[in-house]
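[1] structure for the following, please:
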Amino acid sequence: MDAIDKKILMLLQENAKQNTKEIADKIGLTVSPTFERIKKLEQQDYIKSYVALLNEKKVNKAITVYCHITLATHSRELIDNFKDQVANLPEIMGCQHVSGNYDFLLKVAVNDMNQYQQFVVDKLSVIKGISNVQSSFVLDDIKNGTAYVL
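    So this is what the prediction gives:
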């Protein structure tokens, strides 16, 4: 990946709806080589997908919660079971297996506190092996980016 590829990736992260001609004009190439570079970046898995970022308040997901999960033991069975279970919960926007005081970090998006309570009681607490859940509620989004600096 060279400097031009990095510039293409930065432009696509800013606005994936740009067409190839717009990108070509910004990087100083013609359309054909720009198109070929984008296709190559897709084929090499630099670009995983194109998405729309939604306004959480407009889609009624005004509350974001980070859940710190501790498992009872660090057995392969409990870890795999936890991963399988959370993968199917639509309220969970992200799940990371982390080091430190907790085993997993979940990003959960819900409509309101009642929905979060139902999520914890009906979905999270029934997962085998969870020994502790600590919830941190987002009060204000200072910075919530999606673009990597290249």
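[2] with adjacent residues omitted, what lies nearest to the residue nearest the centre of the chain?
    Taking C-alpha atoms, centre = their mean, the centroid of the chain lies closest to residue 94, which sits 5.2 Å from it. Closest residue to residue 94 apart from its sequence neighbours, by C-beta to C-beta, 6 or more residues apart in numbering: residue 107 at 4.0 Å. Heads up, the C-betas are built off the backbone N, CA and C, glycines and all.
[3] what about that neighbour, which SS state?
    The three-state label given to residue 107 by DSSP: H, G, I helix; E, B strand; the rest coil is strand.
[4] beta-bridge partners for it, please?
    residue 66, residue 94 (DSSP bridges).
[5] that one reaches residue 89, doesn't it?
    No: counting by C-beta atoms under 8 Å, residue 107 does not reach residue 89; the two are 11.6 Å apart.
[6] distance of residue 90 from residue 134?
    Distance, residue 90 to residue 134, by C-beta to C-beta, to the nearest Å: 22 Å.
[7] if you could redo that for residue 114, that was the one I meant.
    Using C-beta to C-beta, we find residue 114 at a distance of 20 Å from residue 134.
[8] ok, residue 80 next?
    Distance from residue 80 to residue 134, by C-beta to C-beta: 22 Å.
[9] now residue 85
    Separation of residue 85 from residue 134 (C-beta to C-beta) stands at 18 Å.
[10] now residue 88
    Look at residue 88 and residue 134: by C-beta to C-beta, they are 22 Å apart.
[11] the two: which is more packed in?
    Shown here are residue 88 and residue 134; by other C-beta atoms under 10 Å, residue 134 has more neighbours (11 against 8).
[12] for that one, which non-adjacent residue is closest in space?
    Excluding the flanking residues, the one nearest residue 134 by C-beta to C-beta, 6+ apart is residue 68, at 4.3 Å.
[13] and residue 50, how many neighbours?
    Around residue 50 there are 9 other residues, counting by other C-beta under 10 Å.
[14] is it in contact with residue 16, as I believe?
    Yes: between residue 50 and residue 16 there is a contact under C-beta under 8 Å: 4.5 Å.
[15] for residue 19, see how far away the residue of the chain positioned farthest from its centre is.
    Distance from the centre of the chain peaks at residue 30, with 33.2 Å (C-alpha atoms, centre = their mean). Distance from residue 30 to residue 19, counting by C-beta to C-beta: 14 Å.
[16] with that, I have no additional questions.
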